[in-house]
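[1] Would you be able to build a 3D model of this:
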Amino acid sequence: DVTLLPEPVVAAESHAARGWRGRTFGVYSLGGSDYEASVVRWAEGVGFQLLGSAGAIEPFGGADVDEALVDHVRSRLDRDLREIFTSGPQARIALFGLRRECRRVKEELTTATEAEVVLSTSHGHVRVPVSRAELEELVRPALELSVETLAQVVRSCDLRRRELDGVLLVGGAARMPLVAELLRAALPGPVG
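    Predicted coordinates for the structure are as follows:
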């Protein structure tokens with residue numbers, strides 16, 4: 001027998017299996033192409049149940065973070081290099097490489113405070129330094145909105161913030177340090 005469970009329930013079960021204690025959790029899920037905020041609660045004999053859930057008003061995910069970084073890096077290139085990414089037969093290949101490199105740097109900035117986007121062009125290797133602070137500035141408004149969405153879901157479940165035992169993070173983009181920082185400021189309990 002197979003039972004399909006909502007992603008937030010699976011996340012809560014997984015965190016509980018790894019030692020997280022509590023009965024009521026917010027679940028902040030930021031994947032590659034979408035965002036979802038949910039609340040789950042433990043029910044004796046049943047397990048975790050989904051109390052409420054909402055997605056982003058506008059689609060938002062890790063790919064949008066990547067795209068913000070792509071635009072930022074392109075704006076820092078000189079005019080000749082910017083043209084490589086907008087016109088000519090090699091533009092698609094160059095843009096694909098830039099996106100892949102920005103995704104790598106975004107992931108690197110989850111642990112490092114600075115990284116370099118390294119581009120291979122017909123002009124040679126171009127290095128564009130990027131700091132975590134720059135990336136966070138680019139995506140802060142969208143992340144603040146996503147955290148507010150979770151707070152609204154908590155309220156819609158007739159819960160006070162202090163009734164949460166923590167917030168569970170799901171998805172690769174949720175590993176950005178700014179996500180945990182904003183969640184800790186908005187909601188009580190551990191974040192992880």
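[2] mind listing what's buried in stretch 162-171?
    By 16 or more other Cβ atoms under 10 Å, the buried positions in stretch 162-171 come out as 164, 165, 166, 167, 168, 169, 170, 171. Placement of C-beta: from N, CA and C, glycine included.
[3] meant to ask about stretch 26-43
    Of the residues in stretch 26-43, 26-31, 34-42 count as buried by neighbour count, 16+ other Cβ under 10 Å.
[4] Among the residues you listed, which are located in helices?
    Using DSSP state H, the subset of the buried residues of stretch 26-43 located in helices is empty.
[5] Identify those among these that sit within strands.
    Mapping these onto strands (DSSP state E) picks out 26-30, 35-42.
[6] now residue 151: how far from residue 30?
    Applying Cβ to Cβ, to the nearest Å, the value for residue 151 to residue 30 is 15 Å.
[7] how far away is residue 22 from residue 177?
    Distance from residue 22 to residue 177, by Cβ to Cβ: 23 Å.
[8] ok, so of the ones in strands among the buried residues of stretch 26-43, who is nearest residue 58?
    Nearest to residue 58 out of these is residue 35 (Cβ to Cβ; 9.3 Å).
[9] which residue sits closest to that closest one in space, ignoring its chain neighbours?
    Leaving aside its chain neighbours, residue 35 sits nearest to residue 56 (4.3 Å; criterion: Cβ to Cβ, 6 or more residues apart in numbering).
[10] Pretty sure the one you found sits against residue 34.
    Yes - counting by Cβ atoms under 8 Å, residue 56 touches residue 34, with 7.3 Å between them.
[11] Would you mind pulling the contact partners of the helix or strand where residue 185 lies?
    Per DSSP states H and E, residue 185 falls inside helix 177-186. Residues from elsewhere that reach helix 177-186 (Cβ atoms under 8 Å, 6 or more residues apart in numbering): 26, 28, 30, 110, 132, 136, 139-140, 143-144, 147-148, 150-151, 161, 167, 169, 173, 191-192.
[12] what angle do the longest helix along the chain and helix 177-186 make?
    For the chain, the helix with the greatest residue count under DSSP H is helix 132-156. Interaxial angle, helix 132-156 versus helix 177-186 (axes from the mean of the first three to the mean of the last three Cα atoms, to 10 degrees): 40 degrees.
[13] Much appreciated, bye for now.
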